[in-house]
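Undergrad: sequence unknown, structure follows:
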């Protein structure tokens, strides 16, 4: 197995430079940055399932890039530039997890720790496991943080990233009956307790066309790219089943801003009332898709439920659209009421 390097100026057209780092089939004229040795007995010819990230809080320039992966056991690696890597070392501590999956690690800003997400086995089959570390070398004993709802739909890898004040997980679900893998959405406040959003409903589904580039498996990359009008989610797709020989592809799915999940009302109207929110001024912005004939009405209440202001009705799709209210909203604790039909509400926020 190997790790390769590619670059792009627009996220669509990619180049694979000749790096001259790793010899493969008698030449270094390739884009490989890291390659395992020949398989030794039952050991993986690692790095297997390598998750690489740039650590912006690291002060040691030689450890700016970090990786979590499996060789003989779960291991870590360090690099100053993401291309040239030091000799890997086994994770120290109490880690005993197999790690034969797409491993990922990240700095958790709310915990001030490194968190690793890997995979183990349990009563329900494959299960997502979590480890943590202060220094990326010494790791805690793995703990199961997500298991399947049944033995058929088993969670596999789960890339995690911090976004909007919570941690989002893009969990791969292995369907045992049909041997295919799709991606679903989870979220957590603390990386330990995870909540699945619409279990069984893919965020990124597999194609239904046999031998299409992502018919068999969809494994998301660790970090989406957030642009002004779009979220880019890269993923690895394969044209055949999980346990079969297959061709792989580097793929792209896109979402509208804050489009990971939302509340949707198709025919009947819906109403959402927030809990009390501390309001310190600024515009109220909204992300919403409004279909033909749909609407979104927004009201501001005080903490006791008395109406303070009402916004102009929204009848079109908005991306970070500012709401226009009939009265000035005073500082203090407020509740926001959303009433909508034939629309999907994603998020709201405050801005100056």
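TA: Sure, I can see it. Remember, it's a predicted structure, so these values are computed and weren't measured experimentally. Residues are numbered from 1 along each chain as shown.
Undergrad: What residues of stretch 104-115 count as buried?
TA: By 16 or more other C-beta atoms under 10 Å, the buried positions in stretch 104-115 come out as 104-108, 114-115. C-beta: built from backbone N, CA, C; applies to glycine.
Undergrad: Using a markdown table, please lay out those residues together with secondary structure, pLDDT and distance to residue 325.
TA: Formatted as a markdown table, the buried residues of stretch 104-115 follow (DSSP: H, G, I helix; E, B strand; the rest coil; pLDDT from 0 to 100; distance: C-beta to C-beta, whole Å):
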| residue | secondary structure | pLDDT | distance to residue 325 |
| --- | --- | --- | --- |
| 104 | strand | 96 | 42 |
| 105 | strand | 98 | 44 |
| 106 | strand | 98 | 39 |
| 107 | strand | 98 | 39 |
| 108 | strand | 98 | 37 |
| 114 | strand | 98 | 44 |
| 115 | strand | 98 | 41 |
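Undergrad: So which of these is the closest to residue 186?
TA: Nearest to residue 186 out of the buried residues of stretch 104-115 is residue 104 (C-beta to C-beta; 13.3 Å).
Undergrad: The closest one and residue 219: what is the separation?
TA: Applying C-beta to C-beta, to the nearest Å, the value for residue 104 to residue 219 is 11 Å.
Undergrad: Need the buried residues of stretch 104-115 in TSV (columns: distance to residue 1).
TA: Shown next, in TSV, are the buried residues of stretch 104-115 (distance: C-beta to C-beta, whole Å):
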residue	distance to residue 1
104	16
105	18
106	22
107	25
108	27
114	23
115	24
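Undergrad: domains of the protein?
TA: Following automatic domain parsing, one gets these domains for the chain: 2-255, 265-351.
Undergrad: Tell me the span between the first and last residue of the longest one.
TA: Yep, that's domain 2-255 we're talking about. 30 Å (C-alpha to C-alpha, to the nearest Å).
Undergrad: ok, now the shortest one?
TA: Taking C-alpha to C-alpha as the measure, domain 265-351 stretches 27 Å from start to finish.
Undergrad: ok, now which ones touch residue 293?
TA: residue 342 (C-beta atoms under 8 Å, 6 or more residues apart in numbering).
Undergrad: what's stretch 227-240 in contact with?
TA: Contact with stretch 227-240 is made by 11, 170, 183, 204, 211-221, 224-225, 246-257, 259-260, 319, as judged by C-beta under 8 Å, 6+ apart.
Undergrad: Could you do stretch 77-89 as well?
TA: Contacts with stretch 77-89, where a contact means C-beta under 8 Å, 6+ apart, come from 5, 19, 21, 33-34, 46-47, 50, 52, 54, 61-67, 69, 71, 75-76, 136-137.
Undergrad: Which ones among those residues map onto strands?
TA: Among the contacts of stretch 77-89, the ones falling in strands (DSSP state E) are 33-34, 50, 52, 54, 65-67, 69, 75-76.
Undergrad: Report the buried members of these.
TA: Buried members of these, counted by 16+ other C-beta under 10 Å: 33-34, 50, 52, 65-67, 69, 75-76.
Undergrad: Low-confidence ranges, this structure, go.
TA: Along the chain, segments meeting pLDDT under 70 span 38-45, 352.
Undergrad: if we go to 90?
TA: 1, 36-48, 71-72, 98-100, 156, 244, 266-267, 281, 330, 351-352 (pLDDT under 90).
Undergrad: so where do the helices sit in it?
TA: For the chain, applying DSSP state H gives no helices.
Undergrad: Can you get me a residue count around residue 81?
TA: 11 (other C-beta atoms under 10 Å).
Undergrad: Quick check: chain neighbours aside, which residue is closest to residue 214?
TA: Nearest residue to residue 214 in three dimensions, chain neighbours excluded: residue 237, at 3.1 Å (C-beta to C-beta, 6 or more residues apart in numbering).
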